[in-house]
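Asks: Structure, please.
(one chain, ligands or ions: 1)
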Amino acid sequence: MFDKILIANRGEIALRVIRACREMGIASVAVHSTADADAMHVRMADESICIGPPPSSESYLSIPAIIAACEVTGAQAIHPGYGFLSENAGFVQVIEDHGLTFIGPTAEHIRIMGDKITAKETMIDLGVPCVPGSEGGVPDLATAQKLGEEMGYPVIIKATAGGGGRGMKVAQTAADMESAFMTARAEGKAAFGNDEVYIEKYLQRPRHIEIQVFGDGKGNAVHLGERDCSLQRRHQKVFEEAPGPAISAEERAEIGRVCADAVARINYIGAGTIEFLYEDGQFYFIEMNTRLQVEHPVTEAIFGVDLVREQIRVASGLPMSFAQDDLEINGHAIEVRINAETFPGFAPHPGKITAYHAPGGLGVRMDSALYQGYSIPPYYDSLIGKLIVHGRDRREALARLHRSLGELIVDGVETTVPLFHALMAEKDIHTGEYNIHWLERWLEREFES
Ligand code: ADP
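Replies: You can find the predicted model right below:
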């Protein structure tokens with residue numbers, strides 16, 4: 001087992017990893033930019049080291065600075081969290097070249113899944129059902145138009161290198177194809193340096209269902225059920241729950257087995273998420289994320305496992321601490337993502353926290369790096385906390401969410417908490433009848449008219 005781990009991240013996820021390290025008796029090293037000198041992850045880690053100026057490109061994304069920090073502190077392994085360098089195959093290669101360990105999958109698996117076209121081809125070969133669409137990349141507009149006619153509109157044009165909701169454009173009709181195709185390409189090029197795009201049938205009312213998988217890198221893998229992350233704004237998740245209200249035990253067992261078999265066959269190591277759209281009882285693969293997800297705590301809550309501890313274990317060469325038969329669902333969990341943003345405008349709102357009180361009590365987990373007096377810097381993601389509740393069933397989880405949202409105090413900046421208060425009054429949230437378009441349509445109806 002490692003003696004010391006460096007966490008190449010900040011905010012709540014850095015705290016999450018530090019907590020796992022501490023429980024395992026492993027020393028932790030925080031890295032930070034000059035803008036984060038007073039951040040909670042720096043205070044909480046056993047050691048900390050400044051790796052550069054505020055812009056991420058010169059600090060949290062600087063591979064030489066992070067490797068140097070490992071050498072200076074003697075850390076043997078790096079946990080990347082999510083975002084930043086967590087899905088950067090080149091980073092993994094450099095880490096290995098320096099004799100260090102990356103707590104995550106291999107560079108090869110990150111590379112395969114990071115390119116959505118290759119990921120889809122790989123999944124088709126592994127027997128995973130996919131969204132109907134182009135076979136590989138679409139080279140030009142004429143081909144795109146021809147495919148649109150054959151498949152039938154609407155279709156979605158996606159950048160193969162896309163992520164975070166960027167590089168995706170819907171063409172509702174043939175008339176939209178030219179601008180959708182050009183924009184998806186341009187966004188892919190600008191944001192990811194790759195203008196290759198592909199086309200998929202655009203599903204009208206699917207749910208976003210993702211399967212948590214975990215492998216030991218030696219051909220063994222399990223699944224930890226699904227998360228329903230259908231409540232999204234601009235293709236970004238804001239509310240996630242497990243188990244999915246629309247998924248039966250039989251469906252879970254079946255798709256879970258397909259996913260666990262697929263990752264076992266490629267000797268996948270660590271945590272991964274296989275994302276699907278789900279409509280009329282069918283699952284359609286969209287992408288695989290080769291890292292810990294923001295919403296992993298809902299899975300931890302219902303299975304009673306620590307996914308970060310497990311990541312560290314398998315990265316150090318130990319076997320997984322659970323087998324498929326050990327994994328049983330207990331109750332229901334919901335996470336809401338709280339951002340420092342105006343509501344309903346969703347404009348970033350960094351600033352000084354003048355008062356902070358985290359909710360507590362039975363079944364409540366608040367993952368946040370906030371504290372009173374902390375100044376949220378303007379340089380990074382606006383996520384400031386995740387409120388996760390766990391109940392014996394969905395009803396209890398929702399009541400607990402309602403109750404704990406009422407206890408939360410964040411003063412000094414605007415937050416998206418009012419969004420969740422408003423959602424608590426919606427019948428569809430209580431019945432679980434929503435799809436990936438529900439939230440945007442509701443926001444339009446309630447706040448834009
Ligand atoms: P990203 O990598 O940017 O997160 P994904 O491929 O995971 O992109 O898709 C993100 C979201 O976009 C999905 O959860 C869904 O809401 C929407 N989406 C993606 N593909 C389709 C599709 N074929 N039909 C309808 N919606 C889609």
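Asks: Now Cys229. Its backbone dihedrals?
Replies: As for Cys229, its main-chain torsions (degrees, to the nearest 10) stand at phi -120, psi 40.
Asks: where's Ser48 relative to Ile353, distance?
Replies: 20 Å (C-beta to C-beta, to the nearest Å). All C-beta spots, glycine's among them, are computed from the backbone N, C-alpha and C.
Asks: Name the surrounding residues that touch the helix or strand where Thr122 lies.
Replies: Using DSSP states H and E, Thr122 sits within helix 116-125. Helix 116-125 is contacted from outside by 111-113, 130, 133, 136-137, 158-162, 196, 198, 262, 266, 274, 285, 287-288, using C-beta atoms under 8 Å, 6 or more residues apart in numbering.
Asks: Those residues in strands, which ones?
Replies: Among the contacts of helix 116-125, DSSP state E puts 158-162, 198, 274, 285, 287-288 in strands.
Asks: Which members of the residues you listed additionally contact the ligand?
Replies: 162, 287 (C-beta under 6 Å from any ligand atom).
Asks: Which helix or strand contains Val31?
Replies: Assigned by DSSP H and E, Val31 belongs to strand 27-33.
Asks: strands paired with that strand, and their directions?
Replies: Strand 27-33 pairs in its sheet with strand 4-7 (parallel), strand 47-52 (parallel), by DSSP bridges.
Asks: Figure out how far the last one is from the centre of its chain.
Replies: What it means is strand 47-52. Computed by C-alpha atoms, centre = their mean, to the nearest Å, the chain-centroid distance of strand 47-52 equals 25 Å.
Asks: Please identify the residues of the chain in proximity to the ligand?
Replies: 131, 156, 162-165, 168, 200-203, 206, 208, 232, 235, 275, 277, 286-287, 436.
Asks: If we use 5 Å, what do you get?
Replies: Residues of the chain lying near the ligand by C-beta under 5 Å from any ligand atom: 131, 156, 162-163, 165, 200, 202-203, 208, 235, 286-287, 436.
Asks: so what pLDDT did the residue in the stretch 1-150 of the chain that the ligand sits nearest to get?
Replies: In the stretch 1-150 of the chain, the residue that lies nearest the ligand is Val131 (4.6 Å; C-beta to the nearest ligand atom). Predicted confidence (pLDDT) for Val131: 94.
Asks: Now the strands paired with strand 27-33 in JSON lines, please, with extra columns for mean neighbour count and mean pLDDT.
Replies: Shown next, in JSON lines, are the strands paired with strand 27-33 (neighbours: other C-beta atoms under 10 Å; pLDDT from 0 to 100):
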{"stretch": "strand 4-7", "mean neighbour count": "25", "mean pLDDT": "98"}
{"stretch": "strand 47-52", "mean neighbour count": "19", "mean pLDDT": "98"}
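Asks: Count the residues that sit near the nearest residue to Cys21 once chain neighbours are set aside.
Replies: Spatial nearest neighbour of Cys21, excluding adjacent residues (C-beta to C-beta, 6 or more residues apart in numbering): Ser28 at 4.3 Å. Per other C-beta atoms under 10 Å, the neighbour tally for Ser28 reads 25.
Asks: related to what we said a few turns ago, after the helix holding Thr122, next one along is what?
Replies: Later in the chain than helix 116-125, the nearest helix or strand by DSSP H and E is helix 141-151.
Asks: Dump the C-alpha coordinates for that following helix into CSV.
Replies: C-alpha atoms of helix 141-151 as CSV (Å, rounded to 0.1, in the frame of the first residue of the first chain):
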residue,chain,number,x,y,z
LEU,A,141,-21.6,18.0,-44.8
ALA,A,142,-22.9,16.0,-47.9
THR,A,143,-22.4,12.7,-46.0
ALA,A,144,-24.1,14.2,-42.9
GLN,A,145,-27.1,15.3,-45.0
LYS,A,146,-27.3,11.9,-46.7
LEU,A,147,-27.2,10.1,-43.3
GLY,A,148,-29.8,12.5,-41.9
GLU,A,149,-32.2,11.5,-44.6
GLU,A,150,-31.6,7.8,-44.2
MET,A,151,-31.8,7.9,-40.4
